[in-house]
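[1] Here's my sequence, what's the structure:
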Amino acid sequence: MRKPLDSTTDGWLCGLAGVLIFSGSLPATRLAVLGLDPLFLTGARATLAGALGALLLLVLRAPRPERHEVWPLVIVALGVVVGFPLLTALALRHVSSAHAIVFVGLLPLATAIFGVLRAGERPQPAFWVFSAIGSGAVVAFALRHGVDASPIGDALMLAAIVACGLGYAEGARLSRRLGGWQVICWALVISLPVMAPLAWAFLPASFAAVGAASWWGLAYVSLFSMLIGFVFWYRGLALGGIAGVGQLQLLQPFFGFVLAALLLHEAVPPAMIAVTVVVIGCVAGARRFGRGAAASTRAPQAQRG
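    Next up, the predicted model:
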C-alpha cells in the first residue's frame, strides 16, 4: 500500500501544477491582445471565470464567507482578478511576452515578502539568500536580453508583480480556512459587478475582425489562468508555506519561454538554459530552508462546508 504524501510534499506538487498552468498565461494574453482590447480582455476573462465560479459555489453549496473574510477576498480580487491581468495586458501592448515573462522572476520574492507581512511566516535566513539569487539571476537575464524593452511596459509589469504577490499571499492565508477553490471562486464573484460592465463597455465593434488565436487566448486565460490554476496554486501555498512554495514561480519564466517560442515563434536566447539551471538550484535550496516558513504556519484548518 502506497504511503500517503505529507502535506508539505502535497503542497509543493500542487504548487508545481499551478505554475505549469500559469506559465501559459502571458503567451495566451499576448495572443488575445492581438485582436482584443486589454480592458475587454481583463473584464471578459474575469466575467467568464466568475460565472463558472458562481456555478461551482452554487452546485457544491459552499457556505458564504464570514464578514471578516470579505475584505481579504476583496484584496485577492484586486490583486489577481483585476490588477495582474489588467496590468499585464496593458504591458503586452509595449513588450513581447518573452520579455514580460522574465519579470515573473520577481514574483517569488514579492510573494515571500507578503507572506511574512500578511501571514506571519518566518523563513530561515538561508531561504532569503536562495530567493535573492534566483530572482537576481532572472532579473540579470532580463537586463541583458531586454534592453530594447519599453520603460512603460516594464513599469506596468513591476506594478503587476506587486499586485499579484499581495493577492497570492492573501489568498493563501484565506485558503487555510476556506479552501483554495472557494477563495478564488468568491474573489471572482465579488469582482463580477465591476468586471462584467467593463467587458460590456469594451466589447469589440465587430467579432469578425477578431482572429481565432485571440479567442483561444481568451479561453485559456479565462478557464485555466483565472480559475483552475488558482485551485492548485492556493492549495499549494496553504499546505507547503507561502514563501517556500512561492519560489516555484522562479521556474515559470522558463516554462513560459518555451511556450512563447512554440506558439508565438519568439526568439529564446541560449543563455536561458544556464539561468534555468541556476534557478532550479535556488528552488531546491528554498525548499530546504523554507521549511521554517511552512512549520510556522499551522496546518490548514478544517475547511467549512
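[2] alpha carbons only for contacts and neighbour counts from here, please
    Fine.
[3] Check the contact between Leu87 and Val162; I expect there is one.
    No. Leu87 lies out of contact with Val162 (Cα atoms under 8 Å); the separation is 10.7 Å.
[4] what's the burial count for Val70?
    15 (other Cα atoms under 10 Å).
[5] Name the nearest residue to Arg235, sequence neighbours excluded.
    Spatial nearest neighbour of Arg235, excluding adjacent residues (Cα to Cα, 6 or more residues apart in numbering): Gly180 at 5.1 Å.
[6] The one you found contacts Tyr234, doesn't it?
    Yes. Judged on Cα under 8 Å, Gly180 makes contact with Tyr234 at a distance of 4.9 Å.
[7] Need the overlap of contacts for the two.
    Both Gly180 and Tyr234 are contacted by 171-172, under the criterion Cα atoms under 8 Å, 6 or more residues apart in numbering.
[8] Of those two, give the one with the bigger neighbour count.
    Between Gly180 and Tyr234, counted using other Cα under 10 Å, the more crowded position is Tyr234 (31 against 24).
[9] Within the helices and strands, which one has the more buried one?
    Take DSSP states H and E as the rule and Tyr234 turns out to sit in helix 229-240.
[10] gap between Ala163 and Trp215?
    26 Å (Cα to Cα, to the nearest Å).
[11] residue ranges for the helices of the stretch 101-250 of the chain, please.
    For the stretch 101-250 of the chain, the helices defined by DSSP state H, counting those that start in this stretch occupy 107-119, 125-145, 151-178, 180-201, 212-220, 229-240, 242-246.
[12] picking that back up, which of Leu87 and Val162 has more neighbours?
    Taking other Cα under 10 Å, Leu87 and Val162 do not tie; Leu87 has more neighbours (22 against 19).
[13] how much space between that one and Met157?
    Taken as Cα to Cα, the span from Leu87 to Met157 is 7 Å.
[14] And for Val210?
    On the measure of Cα to Cα, Val210 and Met157 end up 25 Å apart.
[15] Those two: who's more crowded?
    Taking other Cα under 10 Å, Val210 and Met157 do not tie; Met157 has more neighbours (26 against 16).
[16] residues contacting the residue nearest to Arg235?
    Per Cα under 8 Å, 6+ apart, neighbours of Gly180: 171-172, 230-235.
[17] The same query, at a cut-off of 6 Å, please.
    Going by Cα atoms under 6 Å, 6 or more residues apart in numbering, Gly180 touches 231, 234-235.
[18] how close does it get to Ile152?
    For Gly180, the distance to Ile152 equals 34 Å [Cα to Cα].
[19] Arg45 sits in which helix or strand?
    Residue-wise, Arg45 maps onto helix 38-59 under DSSP H and E.
[20] Could you tell me which residues within the next helix or strand after that helix count as buried?
    Downstream of helix 38-59, the first helix or strand assigned by DSSP H and E is helix 67-76. Neighbour-count burial for helix 67-76 flags 72-76 (criterion: 16 or more other Cα atoms under 10 Å).
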